[in-house]
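# structural data only, the sequence is not supplied:
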């Protein structure tokens, strides 16, 4: 859609884009095509889309052969999509409050969305942790800085990147994470104040997840000794560790000095580490020790 068409559609609804809901409409056709290509859409694929807005991505997914379930919180857009297409299963609801297992059922599915910035972490957590089976593929358009933090743990080979709760969350359950393409603010109408990026995640299909003994991620084909631990247990501990990011992890987790000294020596992290200083593997080992004591 062009800005003129978007304004016309919004005017027909008696309003304008809702900044509070992060409504920015993609007008760059090449970026739209890149999202669909990155998601490797095939005829009959089941796709969950959150925040379809005026349905530009929805239509592209349908044209590529997908069966789309779209969740739209804004009543105006839900009504618009309902009138525009019979090819989409539309739910007018807040995706944050829904049970996503009930949305996708037990068959293979993919998660493809131009996500409102405010719900990026929540939507990814639901897609990667709440639903069983996990999506075969996740392709989302998100804020560029968020995407860069998510992929940093894989792509940095010079300096050790800082870990965020989101990058840890994704890293624990993914086989591959990449930025497909950066998308400038001008690709949207109205343009946001920040750049975006198309983020692609290939989740591991099963839990509990295995982790190599050394290094941050499981290397495909590796012969390293592996340990098993559920990513959900890691996240429970990490949430406490990240609760006050400027405080030392020890204080956030409330672990007494001698035990913390023992853990830091055993796992190999700095005794004065903050949450962002621990790698995925270190968080995994720490959570295992805190939870099980071995």
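Looks like it came in fine. Treat the numbers as computed from the prediction; the structure is a model and nothing was measured.

# name the surrounding residues that touch stretch 164-173.
The contact list for stretch 164-173, computed with C-beta atoms under 8 Å, 6 or more residues apart in numbering, reads 120-121, 124-125, 128-129, 134, 146, 149-154, 177, 201, 203-204, 207, 209, 216-217, 231, 234-235, 238-239, 242, 275-276, 280, 283-284. (Each C-beta comes from the backbone N, C-alpha and C, glycine too.)

# contacting residues for residue 42?
Taking C-beta under 8 Å, 6+ apart as the test, what residue 42 contacts is 64, 65.

# just checking, residue 287 touches residue 230?
No. Using C-beta atoms under 8 Å, residue 287 is not in contact with residue 230; the gap is 9.2 Å.

# the more surrounded of the two?
More neighbours surround residue 287 than the other of residue 287 and residue 230, with 24 against 15 (other C-beta atoms under 10 Å).

# now the helix or strand encompassing that one, how far from the chain's geometric center?
Element membership for residue 287, per DSSP states H and E: helix 280-292. Centroid displacement of helix 280-292 relative to its chain, using C-alpha atoms, centre = their mean, to the nearest Å, is 22 Å.

# which pLDDT value goes with the residue nearest to residue 151 when sequence neighbours are not counted?
With C-beta to C-beta, 6 or more residues apart in numbering as the criterion, residue 151 has its nearest non-adjacent residue at 5.1 Å, and that residue is residue 177. You'll see residue 177 listed with a pLDDT of 94.

# mutual contacts of residue 287 and residue 230, please.
By C-beta under 8 Å, 6+ apart, no residue touches both residue 287 and residue 230.

# quick one: buried ones out of the contacts of stretch 164-173?
Neighbour-count burial (16 or more other C-beta atoms under 10 Å) applied to these gives 120-121, 124-125, 128-129, 134, 146, 149-154, 177, 201, 203-204, 209, 216-217, 231, 234-235, 238, 242, 275-276, 280, 283-284.

# so which of those residues sit within helices?
Secondary structure assignment by DSSP state H places 120-121, 124-125, 146, 149-154, 231, 234-235, 238, 280, 283-284 of these in helices.

# contacts for the helix or strand hosting residue 199, please.
Remark: residue 199 resides in strand 196-203, with elements defined by DSSP H and E. Residues outside strand 196-203 that contact it (C-beta under 8 Å, 6+ apart) are 31, 34-35, 38-39, 124, 128, 134-144, 146-148, 150-151, 170, 173-185, 187-188.

# kindly report the same for stretch 77-93.
9, 13, 52-55, 58-59, 62, 67-73, 75, 98, 103.

# ok, residue 258 - how many residues close by?
8.

# with residue 44 instead?
Applying other C-beta under 10 Å, we find 9 other residues in the vicinity of residue 44.

# now do the same contact list for the most centrally placed residue in the chain.
Compute the mean C-alpha point of the chain, and by C-alpha atoms, centre = their mean the closest residue is residue 124, 3.2 Å away. By C-beta under 8 Å, 6+ apart, the contact set of residue 124 is 138, 140, 166, 169, 170, 201.

# repeat for residue 132
Counted by C-beta under 8 Å, 6+ apart, residue 132 has contacts 101, 106.
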